[in-house]
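Novice: Need coordinates for the below:
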Amino acid sequence: MHPRERELIYPWAEVPAPGCLRTVRPGVHWLRMPLPFALDHINVWLLEDEVDGVAGFTVVDCGIASEPTRAAWEQIFASAFNGRPLLRVIATHFHPDHLGCAAWLAAGGERQRWQAPLWMTLGEYAFGKFLSGAQGEARGHIAAAHFRAHGVTDEQLLAQVKARAMHHYPALVPAVPEAFRRIMDGDEIAIGPRGAKRVFRVIVGYGHAPEHASLYCAPQRGEGALLISGDMVLPRISTNVSVFETEPEGNPLPRYLRSLDHYLMLPADTLVLPSHGKPFLGLHRIVAEQHAHHAARLQEVAAACATPKSAADIVPLLFPRALDLHQSTFALGEALAHLHALWYDGRLARTRDTDGVYRFARVDA
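Specialist: Predicted coordinates for the structure are as follows:
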């Protein structure tokens with residue numbers, strides 16, 4: 001939990017059950033889809049819409065491709081759609097809980113009721129398309145080698161990492177539509193029925209994903225500002241910022257922090273619709289908390305590197321608790337993101353020792 005989490009305002013105390021929806025603004029509905037992880041849900045946002053004279057819905061994010069997710073969606077189609085189609089699917093980024101069900105939704109669910117286009121940034125679409133088809137021994141070897149190079153010596157964990165990399169993403173995102181509509185930073189998307197459309201501006205952020213798209217609607221017609229934030233701003237947990245094997249020399253943390261500052265230009269009383277947790281007010285507090293959180297973590301990591309440390313050495317410092325396999329992959333990636341931020345900033349030096357492990361040490365140590 002963020003230290004400033006108690007300063008946030010949650011307009012809705014209860015969360016919608018799977019297969020049900022809650023209206024947060026006229027024509028803007030909150031749904032939750034289950035996830036089989038410690039983080040057990042994703043919020044998706046169903047917006048009433050009209051395109052080319054056809055009344056229907058636009059959805060922002062999808063849930064993973066799983067039977068519980070599809071069943072929840074079918075319940076929504078039966079109870080809330082009233083025969084209206086899904087007109088477009090917007091995915092904020094490529095992660096499985098956001099993109100997994102996109103192809104199935106775009107094709108109209110089990111009964112293939114409609115054909116809806118997928119809207120994404122180019123980087124997110126391309127990366128999701130690549131990973132959905134990338135499986136097998138090669139993927140597993142690359143992931144295990146990445147973990148080994150950063151200090152993981154537990155052979156059982158390395159075997160689990162290898163097996164996970166071979167099948168995890170394609171199992172949760174078995175298909176990505178063959179075509180998409182590209183969205184870019186600054187684009188405006190009008191969503192809503194005729195005469196009552198909201199204009200959402202695309203805000204592209206970096207660090208959590210290649211080109212993550214949030215959607216911002218300025219105050220209009222007596223309504224306050226609205227931000228569909230995806231994973232870039234979350235109320236109770238920190239957004240994961242990691243270095244993974246697909247970009248092993250990456251430096252995502254400074255990009256993420258710079259991206260956060262764009263949200264300070266939005267009204268402080270913006271209603272934030274996040275991908276995890278509950279809708280909240282307190283956007284600027286969360287941005288300040290994230291900066292403070294990562295500044296403190298960087299300080300801790302730099303102090304720990306008075307003697308050379310691998311990313312695996314740093315994981316218990318940042319995450320002093322038992323971790324499952326899913327959490328361990330993100331924990332190593334986040335430890336490495338902090339080490340890389342300090343390394344690229346010149347505060348740490350990196351060596352690769354005779355055992356093949358990268359270690360980082362303070363330049364003044």
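
Novice: And the helices in the stretch 151-300 of the chain?
Specialist: For the stretch 151-300 of the chain, the helices defined by DSSP state H, counting those that start in this stretch occupy 155-172, 252-261, 283-304.

Novice: could you give the angle of the shortest one to helix 283-304?
Specialist: What separates the directions of helix 252-261 and helix 283-304 is an angle of 160 degrees, with axes from the mean of the first three to the mean of the last three C-alpha atoms, to 10 degrees.

Novice: For helix 252-261, name the packing helices and strands.
Specialist: With contacts taken as 3 or more C-beta pairs under 8 Å, 6 or more residues apart in numbering; DSSP states H and E, helix 252-261 sits against strand 198-205, helix 283-304, helix 325-344. (Glycine included, C-beta is placed from N, CA and C.)

Novice: got the angle between it and strand 198-205?
Specialist: Going by the same axes, to 10 degrees, helix 252-261 makes 150 degrees with strand 198-205.

Novice: could you give me the average pLDDT of helix 252-261?
Specialist: Model confidence over helix 252-261, given as mean pLDDT, is 98.

Novice: now it and helix 325-344, what's the angle there?
Specialist: For helix 252-261 against helix 325-344, the angle by the same axes, to 10 degrees is 90 degrees.

Novice: Can you report how many residues neighbour residue 353?
Specialist: By the measure other C-beta atoms under 10 Å, the count of residues near residue 353 is 11.

Novice: now do the one 3 residues further on
Specialist: As a burial measure, residue 356 scores 10 neighbours (other C-beta under 10 Å).

Novice: thinking again about what came up before, with distance to residue 93, mean neighbour count and mean pLDDT as extra columns, can I get the helices and strands packed on helix 252-261 in TSV?
Specialist: Formatted as TSV, the helices and strands packed on helix 252-261 follow (distance: least, C-beta to C-beta, whole Å; neighbours: other C-beta atoms under 10 Å; pLDDT from 0 to 100):
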stretch	distance to residue 93	mean neighbour count	mean pLDDT
strand 198-205	9	21	98
helix 283-304	17	17	97
helix 325-344	15	22	97
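
Novice: For residue 343, give its distance to residue 306.
Specialist: Residue 343 sits 15 Å away from residue 306, going by C-beta to C-beta, to the nearest Å.

Novice: Sorry, slip of the keys, the one I care about is residue 193.
Specialist: From residue 193 across to residue 306, the span is 61 Å (C-beta to C-beta).

Novice: same thing with residue 96?
Specialist: According to C-beta to C-beta, residue 96 stands 38 Å off from residue 306.

Novice: the more surrounded of the two?
Specialist: Neighbour totals were compared for residue 96 and residue 306, and residue 96 leads with 23 against 11 (other C-beta under 10 Å).

Novice: what sits against the more buried one?
Specialist: Residues in contact with residue 96, defined by C-beta atoms under 8 Å, 6 or more residues apart in numbering, are 64-65, 168-169, 172-173.

Novice: Surely residue 297 touches residue 314?
Specialist: No: because the distance of 9.5 Å does not satisfy C-beta atoms under 8 Å, residue 297 is recorded as not touching residue 314.

Novice: joint contacts of these two?
Specialist: Shared contacts of residue 297 and residue 314, defined by C-beta under 8 Å, 6+ apart, comprise residue 338.

Novice: thinking again about what came up before, pipe the contacts of residue 96 into CSV and attach distance to residue 79, pLDDT and neighbour count per row.
Specialist: Listed next are these as CSV, based on distance: C-beta to C-beta, whole Å; pLDDT from 0 to 100; neighbours: other C-beta atoms under 10 Å:
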residue, distance to residue 79, pLDDT, neighbour count
64, 21, 98, 24
65, 21, 98, 22
168, 32, 92, 19
169, 31, 94, 23
172, 26, 97, 22
173, 26, 97, 26
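
Novice: Many thanks, we can stop here.
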